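Asks: Predicted model and sequence follow; I will ask about them next.
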Amino acid sequence: MKRLAWLWLLPALLTAAALMAAQPPAFEPTLKAAEPRPDAPDFALPDMDGRVHRLSDYRGKVVILNFWATWCPPCRREMPSMQRAWHKIRNEGIMMLAVNVGETEDTVFQFMGDYPMDFPVLFDHDGSVSEAWPMLALPTTFVIDPEGRIAYRAVGGREWDDDRLLDPVRALRRPAAEQ
C-alpha cells in the first residue's frame, strides 16, 4: 500500500521539480564597481521620435545606461523592473536610458506594446556605440556618475527597482547645493 502511495505522489513531485527547473534564476542585486572610474564614451543616438540624445547632455546627473535587445530573454525579463525603477528615481536627479542594439524602431515599438517604457529608448542601429563600451553580453548596464565616468557595471539582468541596487546609484548624486 505504501508503494502505491509513492506512485501516486511521484507525478506530483516530478511536476513540481520540472516547474522549479523551468523558473529562471533570481537576478543578483549587485553592481560591480569600476575602479578606477574610466570616462564614459560619449554618443549621439536617436530616440523613437528621432530626437538625438548625447550622453554628455546629462553631465551633472547620474545616468543608468542599459544596453539591450528584444530577442534577449534576460533583457525582456528585466525591462518591467527598469520601468518600475524609473518611476522611483525620475524625480531624484537620476536619468535612465535604454540603448537598443541593432534593431528597428518597429521591432521595439511592438515590444513596447507588451513591455511599456516611458523612459528614453535610444537606437544603436549599427552597433558602433555599443562597441565603444566595455561589454561582453546583453543586457549590460552602466551607472555613470555626475562627472561622466563609469561608476558601476552590471552584466546580465537585474531587478532594477530593488533598493539594494538603487541605493548605491542614489549615493552618487551630488549634494543639492552642488547641482
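Replies: Received it, and whenever you're ready, just let me know what you need.
Asks: Show me what stretch 65-79 is in contact with.
Replies: By CB atoms under 8 Å, 6 or more residues apart in numbering, the list of residues contacting stretch 65-79 from outside reads 24, 27, 40, 55, 82, 96-103, 107-108, 110-111, 115, 117, 124, 130, 133, 135, 138-144, 156-160. Placement of C-beta: from N, CA and C, glycine included.
Asks: Show me the helices in the protein, by range?
Replies: Counting by DSSP state H, one finds helices in the chain at the ranges 2-22, 73-89, 105-114, 128-131, 163-170.
Asks: returning to that earlier point: now, of the contacts of stretch 65-79, which are buried?
Replies: Under a neighbour-count criterion of 16 or more other CB atoms under 10 Å, the subset of the contacts of stretch 65-79 counted as buried comprises 27, 40, 55, 82, 96-101, 103, 108, 111, 115, 117, 124, 130, 133, 135, 138-144, 157-160.
Asks: mind listing what residue 82 touches?
Replies: Contacts here follow CB under 8 Å, 6+ apart; on that basis residue 82 touches 64, 66, 96, 98, 117, 119, 160-161.
Asks: Just give me the closest of these to residue 87.
Replies: Distance ranking of these against residue 87, using CB to CB, places residue 161 first at 8.2 Å.
Asks: What confidence value was assigned to the closest one?
Replies: What the model reports for residue 161 is a pLDDT of 95.
Asks: How many residues are close by the residue nearest to it when sequence neighbours are not counted?
Replies: In this structure, residue 161 finds its nearest non-sequential neighbour in residue 84, 3.9 Å apart by CB to CB, 6 or more residues apart in numbering. By other CB atoms under 10 Å, the residues close to residue 84 number 14.
Asks: what do you get for residue 73?
Replies: Here the neighbour count serves as a burial measure; for residue 73 (other CB under 10 Å) it reads 11.
Asks: ok, it to residue 168 distance?
Replies: With distances taken as CB to CB, to the nearest Å, residue 73 is found 26 Å from residue 168.
Asks: swap in residue 157?
Replies: 17 Å.
Asks: same check, this time on residue 56
Replies: For residue 56, the distance to residue 168 (CB to CB) stands at 23 Å.
Asks: swap in residue 36?
Replies: Computed with CB to CB, the distance linking residue 36 and residue 168 is 17 Å.
Asks: Same drill for those two, tell me which one is more crowded.
Replies: When residue 36 and residue 168 are compared for neighbours, residue 168 comes out ahead with 15 against 6, by other CB under 10 Å.
Asks: If you rank every helix and strand of the chain by mean pLDDT, what lands last?
Replies: Comparing helices and strands within the chain by mean pLDDT, DSSP states H and E singles out helix 2-22 as the least confident, with a mean of 40.
Asks: Can you pull the poorly scored residue ranges out of the protein?
Replies: Low-confidence segments of the chain (pLDDT under 70): 1-28, 175-179.
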